[in-house]
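Engineer: How does the following fold in three dimensions:
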Amino acid sequence: MKAGIKTLLLTAMLAPAFDGQAQAALLGDTLKPFASVTQSYDSNIFRVKDSEQQQALTGDDTLADFITMVTVGTRLHYQISAQTLDLMLKRDYSFYSHYSNQDSNRDLFSGNLALSVFDKLKITLEGKYAQAPQSRSDYRGTQINEQRELAGGVAVGYEMTMGVGFAAAYRHSNVDYSLPQFRANEYAHDLYAATVSYRPSSDTRFYGTVQREFRDYPTDMRLGATLVNNSNVSDSVRIGLKRTVGAKTAVSGYVGYLERRHDQASDRDFDGLIGQAEITYNWSPRLAFTLNGERQLYEETYADRIYSVNDAFGVGLKYQVSSKVKASLSEKLTWKSFQDVPNAGVAGRSDLLQDMSAGLEWAPINRLTVSLGYQYSTRDSDDPALTFSAHTIQSGITYSF
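Structural biologist: Residues are numbered from 1 along each chain as shown. Down below sits the predicted model:
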């Protein structure tokens, strides 16, 4: 903890020594390196119910820990006429004061190439590699389970002068894990999408999207005494609207339907309604309010659970206190209901998840940002062993060269 605080203070003292204008002249707007140090206190590192469960899991009943995260990275933005290239390269180093065996790294590399032909035809190529420890809300264990994702895709869109637009997209991704017991959760993913849209005016857009998704699981999942392959295909349709009302209000949303079918495990097929809605209202140039809600159906990789129905509701506020200070506050509630395999003989499960966060950001000089944040997370479940609550306090400093 002391080492992390010293690093934080040292960075704060050295950052002003860099002349922001000189750095901008040297690097221009093309290459934008950045570095940050964040000190966190987490009251429940492993997201367990209590200290007794913590003792059984790790042999140590200490729930809380201090974490120092050092981040280095760079952005690249290059533009010629209407053609743009954006790249992001970032690495996080996390150091735990008590549970040093949880020290880990996170990597992110992403790229986006946007091409415009005659201002009507848009072509976008994107790629991504991400590696990070799996969230403790989803995985409990003393070992770090790293999740890796490699993805890429292409999208082509054309909009006619009368406001009618057409778009097609394809995306492929691979997800795998570092721990061998999660091999059955690894999959390859292919997504095909087509969209037709109509703009009756500059502030309104209607659209309809159809998607087909393939998921291939190379390793069979154990279901009782048998092995079952979980590979599947899903079809979905969405009808949506995006509209700006006056200078203060923006609304967006869609309603749709999703059906997922399995190649072998037909008992795991499911379908249902999906949807999303959001409204943003700017009370003043400084204060903005957001309200959103959604329903989604997610495939579950538990052997005795098929999928979950997720109903979420969120609210957020953003306030520009001054030219150098801004604040934010948000709250999200999610009701998650699991659907079981027929005749599996398992107890029903539903969860209520709450995430509340508040943040303050201060930019005392050009390119330097100091932040302070608080987050409260909790899960109330029909399975008492899966309940938890956690408080996280963060302070950080970021310098963009």
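Engineer: can we go C-alpha only for contacts and neighbour counts from here?
Structural biologist: Fine.
Engineer: In the stretch 201-350 of the chain, what residue spans correspond to strands?
Structural biologist: Residue ranges of the strands in the stretch 201-350 of the chain, as given by DSSP state E, counting those that start in this stretch, are 204-216, 221-223, 226-228, 232-245, 249-262, 270-282, 287-299, 305-320, 325-340, 350-365.
Engineer: got the angle between the fourth one and strand 249-262?
Structural biologist: Spelled out, that is strand 232-245. Counting by axes from the mean of the first three to the mean of the last three C-alpha atoms, to 10 degrees, strand 232-245 lies at 170 degrees to strand 249-262.
Engineer: on that earlier part again, looking at the strands of the stretch 201-350 of the chain, spot the one closest to Gln54.
Structural biologist: strand 350-365 (20.4 Å; C-alpha to C-alpha).
Engineer: partner strands of the very next helix or strand once past the closest one, parallel or antiparallel?
Structural biologist: The helix or strand immediately downstream of strand 350-365 is strand 368-381, counting by DSSP states H and E. According to DSSP bridges, strand 368-381 forms sheet pairs with strand 350-365 (antiparallel), strand 388-400 (antiparallel).
Engineer: who's in contact with strand 368-381?
Structural biologist: For strand 368-381, the external contacting residues (C-alpha atoms under 8 Å, 6 or more residues apart in numbering) are 15-16, 349-364, 386-400.
Engineer: Tell me the spacing between the closest residue to Ser178 other than its chain neighbours and Gly240.
Structural biologist: In space, and not counting its chain neighbours, Ser178 is closest to Glu146: 5.2 Å by C-alpha to C-alpha, 6 or more residues apart in numbering. Computed with C-alpha to C-alpha, to the nearest Å, the distance linking Glu146 and Gly240 is 36 Å.
Engineer: and if you look at Gln134?
Structural biologist: From Gln134 to Gly240 the distance is 33 Å (C-alpha to C-alpha).
Engineer: Looking at these two, which one has more neighbours?
Structural biologist: Gly240 (19 against 16; other C-alpha atoms under 10 Å).
Engineer: okay, that one: pLDDT?
Structural biologist: Reading off the confidence values, Gly240 has pLDDT 98.
Engineer: Just to check, Asp176 is in contact with Gln147?
Structural biologist: Yes. Counting by C-alpha atoms under 8 Å, Asp176 does reach Gln147; the two are 5.9 Å apart.
Engineer: Now do Phe34 against Pro364, distance only.
Structural biologist: Noted for Phe34: a distance of 17 Å to Pro364, by C-alpha to C-alpha.
Engineer: neighbour count winner among those two?
Structural biologist: In terms of neighbours (other C-alpha under 10 Å), Phe34 is the more surrounded of Phe34 and Pro364; the figures are 17 against 13.
Engineer: show me what contacts the more buried one?
Structural biologist: Phe34 sits in contact with 72-74, 398-401, where contact means C-alpha under 8 Å, 6+ apart.
Engineer: Also Val321?
Structural biologist: 286, 327.
Engineer: burial count for Thr124?
Structural biologist: Neighbours of Thr124 (other C-alpha under 10 Å): 18.
Engineer: Cool, thanks, talk later.
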